[in-house]
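Novice: Model the structure of this input:
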Amino acid sequence: MVYVIPLVCFVIPLILGVVAMRQGMVWVIPLVTVMLAVLMAWAIWMGRQNQGWDAIGYSIFAALMAAPAILGVLIGGGIGWWQRRRGAARGEG
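Specialist: As a prediction, this is how the structure comes out:
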């Protein structure tokens, strides 16, 4: 599970980023990135407020769920931007 959860949290935003950029919804990428960054900052802050297993849980959430999701949406946005730009250069649309 420790490998599956970060992979899923990476792949879903990656697909979201590619589709959003190819459809021309550029505003989705920064919005999702900021929302995930706020969620990650909240998890880190909550982890610092607690002790023991609760703090570890918040840290795991930040490191294994929020961080891969941020990376996925940014990479997906980059791939979608590149595909859209390449398609425009070919005259596809």
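Novice: how far is the strand or helix carrying residue 48 from where the chain is centred?
Specialist: Using DSSP states H and E, residue 48 maps to helix 28-49. For helix 28-49, the separation from the chain centroid amounts to 10 Å (computed by C-alpha atoms, centre = their mean, to the nearest Å).
Novice: now swap in stretch 45-57 and tell me
Specialist: Counting by C-alpha atoms, centre = their mean, stretch 45-57 is centred 23 Å from the centre of its parent chain.
Novice: which parts of it are buried?
Specialist: Across stretch 45-57, burial judged by 16 or more other C-beta atoms under 10 Å covers 46-47. C-beta coordinates here come from the backbone N, C-alpha and C atoms, glycine included.
Novice: ok, now stretch 16-28?
Specialist: Under 16+ other C-beta under 10 Å, the buried positions of stretch 16-28 are 16-18, 20-22, 28.
Novice: of those residues, closest to residue 39?
Specialist: residue 16 (15.2 Å; C-beta to C-beta).
Novice: Please look at the closest one and residue 33 and confirm they touch.
Specialist: No - using C-beta atoms under 8 Å, residue 16 makes no contact with residue 33, being 10.9 Å away.
Novice: Overlap in contacts, those two.
Specialist: Listed as contacting both residue 16 and residue 33 by C-beta atoms under 8 Å, 6 or more residues apart in numbering are residue 73.
Novice: got a list of contacts for the longest helix belonging to the chain?
Specialist: Using DSSP state H, we find that the single longest helix of the chain is helix 67-90. Residues from elsewhere that reach helix 67-90, judged by C-beta under 8 Å, 6+ apart: 6-7, 9-22, 24, 29, 32-33, 36-37, 40, 93.
Novice: That's all I had, so thanks and see you.
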